[in-house]
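A.B. asks: Let me see the structure of the following:
(chains A and B)
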Amino acid sequence: MPSITYFQPDGTHTTLDVDPATSVMRAAVNAGVPGIIGECGGQAMCATCHVYVRPESLSGLPEPSEDEEEMLDCTAAPRHPARSRLGCQIACGEADALAVDVPTDQV
Amino acid sequence: MSRCDLGASSADHILVVGAGHAGVQLIDSLRAGGYDGRLTLLSREAGPPYQRPPLSKDVIAGGPSAAPLLLRGAGFFDDARVDVRWGVDAERIARDVREVITSTGERLGYTTLILATGADSRRLDVPGEDLAGVFSLRTLDDARAASAALDGARRAVVVGAGFIGLEFAAGARARGVEVTLVSPTERPLRRVVSPAVSAYLAKRHTLDGVRLELGERVARLRESDGGAGRRRVGAVVTASGREFPADLVLVGVGAKPASGLASAAGLELAPDGGVAVDASLRSSDPAIFAIGDCSSFLSVHAGGRVRLESVQNATDQARYLASALLGADPAPYGELPWFWSHQGATKVQLAGLGRADAIRVVRGDVGAGRFSVFSYDGGDLVCVESVNSPADHLAARRLLAAGRSVDPTEAADPGFDLKAYSRAIPEAV
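C.D. replies: From the prediction side, this is the model:
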């Protein structure tokens, strides 16, 4: 089973075993990982599940859709040109593991 | 509680009725903001609180086994030291002694009471509505039941051309079910979008195989012929005498605020049926507040009293009220209303509140299904409706939230860089 690791701004981290299709947002919300809200229910409408994907996990992720691309310009924490994604739009898929940094702010 | 009491302390007991988006966000924001007093939540449903927007979308198109998305993780309420009463509703408010009497007969005292009771589906109030095979869509149980019924259905009739009806119609088509949508209104979403967006949606749903029967009022639901067991629906019959066969009927004719508790307690209700609150979301009883779908509040964006049913409204009001209860400067609540709907491949996004008499310009290509309608009132931008145009929507949110406008000629000009314009910092006045 693949896993997602969430690194918090305070240096702590949480690793969750997930289904390959379960999004970074859904896994975090269901497990109560702090700092990931998912206010719109995973519809790419609110930018409260913003994460910075760690460089080693970037390859293999699909390109952002137009919706996600626009929402990424509205995140509470600064957008990183390569690493910023909406957690509701990405999942492990074929990868064994995914590592993301949780930003300091979502709202 | 008078204004000088604001600034909740450890001696307080905040009692929240309703575990939807508003109630849960309020609890989260209160604890995150440092509230360390008692916190009690009454949740009518026995299961953990869940996200509502996916119910009419993912749970319908994806089938009844689609996992619900929780509002918070399993440990949230314990971690936040919330005394949650699952499956317990408020029966009565005894305002004179500041107590809520629950459905289990318990009396819970409060210093501040928050009504986050939401809204209930409206009924058609026609004969046959209680037949098996007739569904509404508000709770996870509703969505699962309707979604499960689609499995064996060949023909569905949707009553109502609002967001729920249109989203359900698209989901049912994705499941391969024939769909007829019957509505007394002459165009979809008549109360909330401009004629141009309605016309586009009507065309899009028709192309996707939904048969639209507009201007038809439902007179009754007819029982199916034959079959044993519980009496099932067989057709929808309109006032004009037309009959539309159905294995399944989804009634999506709007919602009414769940304000019975407030009304019985003698709190002032607004003409729209919501709990009347002021610009700081306080009801006619200073110890009682109302947030989310049940709250009828004074809005600068509406230019008066309004009641909104949306996640944005529920969570923004919850955040505002939490900070007000924690002693923040009580500026009036004034967050920009925004809303979205996914109907098959079509995304509709609304920013601001529309007015029937607005002056409108169109940006984009209606024929290609990528456009926005900009509405003006007296020269000021008041609302933008976007179809498959997320960049326009987000630019509109930035402008409207900042109280800024954009010249209608520029808004309609495809060469005008709306995004850059919306991101530019306005000059200090």
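
A.B. asks: Next, the buried residues of stretch B:323-342.
C.D. replies: Neighbour counts over stretch B:323-342 (16 or more other Cβ atoms under 10 Å in any protein chain shown) mark B:324-326, B:330, B:333, B:335-342 as buried. Bear in mind the C-beta positions are built from the backbone N, C-alpha and C, glycine included.

A.B. asks: between the residues you listed, which is nearest chain A?
C.D. replies: Taking Cβ to the nearest Cβ as the measure, residue B:340 is the one of these closest to chain A, at 5.0 Å.

A.B. asks: With pLDDT, secondary structure and distance to residue B:312 as added columns, please give the buried residues of stretch B:323-342 in CSV.
C.D. replies: Putting those into CSV (pLDDT from 0 to 100; DSSP: H, G, I helix; E, B strand; the rest coil; distance: Cβ to Cβ, whole Å) gives the following:
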residue, pLDDT, secondary structure, distance to residue B:312
B:324, 96, helix, 18
B:325, 96, helix, 20
B:326, 95, coil, 21
B:330, 76, coil, 21
B:333, 96, coil, 12
B:335, 95, coil, 7
B:336, 96, coil, 8
B:337, 97, coil, 6
B:338, 95, strand, 5
B:339, 95, strand, 7
B:340, 94, strand, 9
B:341, 95, strand, 13
B:342, 93, strand, 15
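
A.B. asks: restrict those to contacts with chain A.
C.D. replies: Of the residues in the buried residues of stretch B:323-342, proximity to chain A by Cβ under 8 Å from any Cβ of the partner chain holds for B:340, B:342.

A.B. asks: got a list of what the residue in chain A positioned nearest to chain B touches?
C.D. replies: Nearest residue of chain A to chain B (Cβ to the nearest Cβ) works out as residue A:32 at 2.5 Å. The contact partners of residue A:32, taken as Cβ atoms under 8 Å, 6 or more residues apart in numbering or on different chains, are B:72-76, B:79.

A.B. asks: What is the nearest of the residues you listed to residue A:67?
C.D. replies: The shortest approach to residue A:67 among these belongs to residue B:72, at 24.6 Å (Cβ to Cβ).

A.B. asks: part of a helix, is that closest one?
C.D. replies: No. Membership of residue B:72 in a helix is not supported by DSSP: H, G, I helix; E, B strand; the rest coil, which gives coil.

A.B. asks: Hmm, it is touching residue B:28, no?
C.D. replies: Yes. If you go by Cβ atoms under 8 Å, residue B:72 and residue B:28 touch, sitting 7.0 Å apart.

A.B. asks: just to revisit the earlier point, can you tell me which of the contacts of residue A:32 are up against chain A?
C.D. replies: Filtering these for proximity to chain A by Cβ under 8 Å from any Cβ leaves B:72-76, B:79.

A.B. asks: filter these to the buried ones?
C.D. replies: For these, a neighbour count by 16+ other Cβ under 10 Å gives the buried set as B:72-73, B:76.

A.B. asks: Among those residues, which one lies nearest to chain A?
C.D. replies: residue B:73 (2.5 Å).

A.B. asks: Might you report the residue contacts of the closest one?
C.D. replies: Neighbour list for residue B:73: A:29-33 [criterion: Cβ under 8 Å, 6+ apart].

A.B. asks: Dump the residues you listed into a markdown table; add secondary structure as well.
C.D. replies: Putting the contacts of residue B:73 into a markdown table (three-state DSSP) gives the following:
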| residue | secondary structure |
| --- | --- |
| A:29 | helix |
| A:30 | helix |
| A:31 | helix |
| A:32 | coil |
| A:33 | coil |
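
A.B. asks: Neighbour-wise, which one of those residues leads?
C.D. replies: Among those, the one with the most neighbours (other Cβ atoms under 10 Å in any protein chain shown) is residue A:29, at 26 neighbours.

A.B. asks: unless I'm mixing things up, that one is touching residue B:67, no?
C.D. replies: No. Using Cβ under 8 Å, residue A:29 makes no contact with residue B:67, being 11.5 Å away.

A.B. asks: does any bit of stretch B:103-117 sit next to chain A?
C.D. replies: No. If you take Cβ under 8 Å from any Cβ as the test, stretch B:103-117 misses chain A, and the best it gets is 15.6 Å.
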